[in-house]
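[1] 3D model of this:
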Amino acid sequence: MRLCWSLTVVLALALAGAVYLFGIRGSVAPASDGRTAILLEPGERDLVLAEMRAFLQSTQAIVAAAAAGELAPAVTAARAVGAAAQEAVPASLMGKLPLGFKTLGLDTHQRFDQLALNAEAMDDPAQTLQELAELLNNCVGCHAAFRIDAAKN
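    Alright, predicted model coming up:
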């Protein structure tokens, strides 16, 4: 009976360690510029950076649509980087991302979806730009806190 409890405790500690490493901490190191470096393989880094470029492209399309007073292209651009876009991220990569990065990323995808819904329902370019300004705080905060570096093999 004592062996069973000991084994249970050891397994629980191992599980807690794995959850911490892959669910919270991720594959990170302190960076020389004070940010947290997320250490990724080249293909993983390319995927994350491509997602960030897609955010930027959608942001530009939303601003252009709002400036023109025609929000249909803004809705399309926002939906392109909404929650559905995060489905392409493999679980192995998600395990390497620290919790703060994942939290900002998931919130950003959800905010793009909400922006699309509100732009469609309200058809108000000023409201759309206000929501985009608030959404961009996620981008600014993420870039201030994190950078993507190559994993050292």
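
[2] There's contact between residue 113 and residue 80 in this structure, I believe.
    No: counting by CB atoms under 8 Å, residue 113 does not reach residue 80; the two are 10.5 Å apart. For glycine as for every other residue, the C-beta is placed from the backbone atoms N, C-alpha and C.

[3] For the helix or strand hosting residue 65, name the packing helices and strands.
    Residue 65 belongs to helix 42-68 when assigned by DSSP states H and E. Other elements packing on helix 42-68 under the criterion 3 or more CB pairs under 8 Å, 6 or more residues apart in numbering; DSSP states H and E are helix 72-80, helix 91-94, helix 99-122, helix 125-145, strand 146-150.

[4] Any idea which of the ones you listed gets closest to residue 56?
    helix 125-145 (8.3 Å; CB to CB).

[5] hey, C-alpha coordinates of the closest one in CSV?
    Extracted in CSV, the C-alpha atoms of helix 125-145 (Å, rounded to 0.1, in the frame of the first residue of the first chain):
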residue,chain,number,x,y,z
PRO,A,125,-16.0,52.7,-39.0
ALA,A,126,-15.1,54.8,-35.8
GLN,A,127,-16.2,51.9,-33.6
THR,A,128,-14.2,49.5,-35.7
LEU,A,129,-11.1,51.6,-35.4
GLN,A,130,-11.6,52.0,-31.7
GLU,A,131,-11.8,48.2,-31.3
LEU,A,132,-8.7,47.8,-33.5
ALA,A,133,-6.8,50.3,-31.3
GLU,A,134,-7.6,48.3,-28.2
LEU,A,135,-6.7,45.0,-30.0
LEU,A,136,-3.3,46.4,-31.0
ASN,A,137,-2.5,46.8,-27.3
ASN,A,138,-2.1,43.0,-27.3
CYS,A,139,0.4,43.3,-30.2
VAL,A,140,2.4,46.0,-28.5
GLY,A,141,2.4,44.2,-25.2
CYS,A,142,3.5,40.9,-26.7
HIS,A,143,6.3,42.5,-28.7
ALA,A,144,7.5,44.3,-25.6
ALA,A,145,7.6,41.1,-23.6
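
[6] Since that was my last question, I'll sign off now.
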